[in-house]
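**Q** with the sequence up front, the predicted model follows.
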Amino acid sequence: MGAADMVRLEDLHVSRTLSGRKHVLSILVENRPGVLARVSGLFSRRGFNIDTLAVGPTEDPAISRITLTLDGAVHPIDQVTKQLHKLINVLKIRDMEPDDSVAREMALFKVSAAVENRAEIVQFAEIFRAKIVDVSRRALIVEVTGSHDKIEAFESMLRPHGLLEMVRTGEVALARGGD
């Protein structure tokens with residue numbers, strides 16, 4: 001693959017399965033047992049499908065951040081966020097606007113990597129600034145971090161080579177600036 005054949009991320013079009021505006025909610029909660037179950041149960045009871053979910057500690061060990069993505073076109077999101085505010089352990093909710101936040105996702109892909117196609121997979125990893133984190137005789141494990149679209153595009157490049165397994169973290173996001 002020469003320089004003229006380089007694939008640019010912008011040139012890869014990935015179809016979205018979402019039917020409307022994707023909402024990325026950042027929810028600060030008390031770090032207590034059962035809080036995640038109450039939050040996710042609230043969405044489930046109202047017919048929302050959570051597309052991705054990531055939970056982890058914040059700079060304060062008593063507080064966790066739940067980041068979830070969902071399709072806002074299926075149901076209005078205003079009512080469920082009002083009900084989230086009523087949950088005792090919920091401290092703050094923010095619907096992250098794409099232009100005002102930074103969102104990233106991480107994925108691991110195990111791909112069949114015979115000798116004859118290994119160089120091409122390594123090239124894809126370089127193009128996408130991915131890391132090869134494990135090498136065996138028959139497979140490579142590649143780690144890639146970036147936007148949802150970047151992860152989708154990378155997956156579509158690897159699938160023809162024999163995608164054996166994959167795992168994705170779901171998006172995490174922070175507001176830009178001093179907020």
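**A** Yes, it's here. Numbers count the residues shown, from 1 in each chain.

**Q** drop to CA atoms for contacts and neighbour counts, all remaining ones
**A** OK.

**Q** report the longest helix in this protein, please.
**A** Ordering each helix of the chain by length in residues (DSSP state H) puts helix 115-127 first.

**Q** in it, what's buried?
**A** Arg118, Ile121, Val122, Phe124, Ala125 (16 or more other C-alpha atoms under 10 Å).

**Q** which ones are touching Gly146?
**A** Ala103, Arg104, Glu105, Met106 (C-alpha atoms under 8 Å, 6 or more residues apart in numbering).

**Q** do you know how far the third one is from Arg176?
**A** Using C-alpha to C-alpha, to the nearest Å, one obtains 17 Å as the distance from Glu105 to Arg176.

**Q** between those two, which is the more surrounded one?
**A** Glu105 (20 against 14; other C-alpha atoms under 10 Å).

**Q** what is the burial count for the residue nearest to the more buried one when sequence neighbours are not counted?
**A** Among residues not flanking Glu105 along the chain, Glu171 sits closest, at 4.5 Å (C-alpha to C-alpha, 6 or more residues apart in numbering). When counting by other C-alpha under 10 Å, one arrives at 21 neighbours for Glu171.

**Q** so Glu171 sits right up against Leu68, yeah?
**A** Yes - using C-alpha atoms under 8 Å, Glu171 is in contact with Leu68, at 7.2 Å.

**Q** shared neighbours of those two, anything?
**A** With C-alpha under 8 Å, 6+ apart as the test, Glu171 and Leu68 both reach Thr52, Leu53, Ala54.

**Q** distance check, the nearest residue to the second one once chain neighbours are set aside against Ala114.
**A** Yep, that's Leu53 we're talking about. Leaving aside its chain neighbours, Leu53 sits nearest to Leu68 (4.4 Å; criterion: C-alpha to C-alpha, 6+ apart). Here Leu68 is placed at a distance of 37 Å from Ala114 (C-alpha to C-alpha).

**Q** now the element after the helix or strand bottoming out on mean pLDDT in the chain, going C-ward?
**A** One helix or strand of the chain scores below all others by mean pLDDT, DSSP states H and E: helix 78-86, with a mean of 87. Using DSSP states H and E, the helix or strand that follows helix 78-86 in sequence is strand 90-96.
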